[in-house]
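Chemist: Have a look; sequence and predicted model below, questions after that.
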Amino acid sequence: MQFSNQGISDEAETSVKKKNLLQKLTSLKMTPEQLLNQYAAGERNFRGLNLSYQILSRVDLMRADFTGANLDHTVLERANLTRVNFSKANLSGANLRRAELIWANLQGANLRGANLRGADLSGADLGGADLTGADLGGAILPDGSILLTSQPSSLLRFSS
């Protein structure tokens, strides 16, 4: 009886090709119009997408998945981001003023210098998130309390 290793080799090659394609796709930048059209068509998976420096004010992206996405300096002011997955996403310098981040997953997210003034973070998971220099003045925190001043976020501790 003779066995062939060709099947294993083909699978490994296919896996490498898929990984390379995924890396290329995730580095692509998408316009707000393209994102909103895909969302309206039912797409919710936007993992690894590059939306840096885009304006998405007052949009509804409820339940979208932006795991590992690049949203640095993106304007999401007054956006409905309820139950959105931003785990390990880059939101540094993002404008999330008055955004609804209710039950959002922000585990390990980079929120350095983000504007979260008046944002609703009720029930949000901020475990491991970097909030250095973030402005949380007037924000509703995960426990339901309201931060009335813009004290340095390094003084805040969120449990995972």
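Modeler: Nice, I can see it.
Chemist: In contact with Ala99: list those residues for me.
Modeler: With contact set as CB atoms under 8 Å, 6 or more residues apart in numbering, Ala99 has these partners: 76-81, 116, 119-120. No exception for glycine: its C-beta is placed from N, CA and C like everyone else's.
Chemist: So which of those belong to strands?
Modeler: The strands, defined by DSSP state E, take in nothing from the contacts of Ala99.
Chemist: Any of these buried? List them.
Modeler: Of the members of the contacts of Ala99, the ones counted as buried by neighbours, 16 or more other CB atoms under 10 Å, are 76-81, 116, 119-120.
Chemist: about what we covered before: what's the closest of the contacts of Ala99 to Met30?
Modeler: Ranking the contacts of Ala99 by separation from Met30, with CB to CB as the measure, puts Leu76 on top at 14.5 Å.
Chemist: Redo the buried ones among the contacts of Ala99 as a markdown table? Include distance to Ala109 and pLDDT.
Modeler: As requested, these are exported to a markdown table (distance: CB to CB, whole Å; pLDDT from 0 to 100):
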| residue | distance to Ala109 | pLDDT |
| --- | --- | --- |
| Leu76 | 13 | 98 |
| Glu77 | 18 | 98 |
| Arg78 | 19 | 98 |
| Ala79 | 15 | 98 |
| Asn80 | 18 | 98 |
| Leu81 | 12 | 98 |
| Leu116 | 11 | 97 |
| Ala119 | 13 | 98 |
| Asp120 | 16 | 98 |
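Chemist: so which two of those are the farthest from each other?
Modeler: Using CB to CB, these span at most 15.1 Å, a distance reached by Asn80 and Leu116.
Chemist: Nice, that's everything, thank you.
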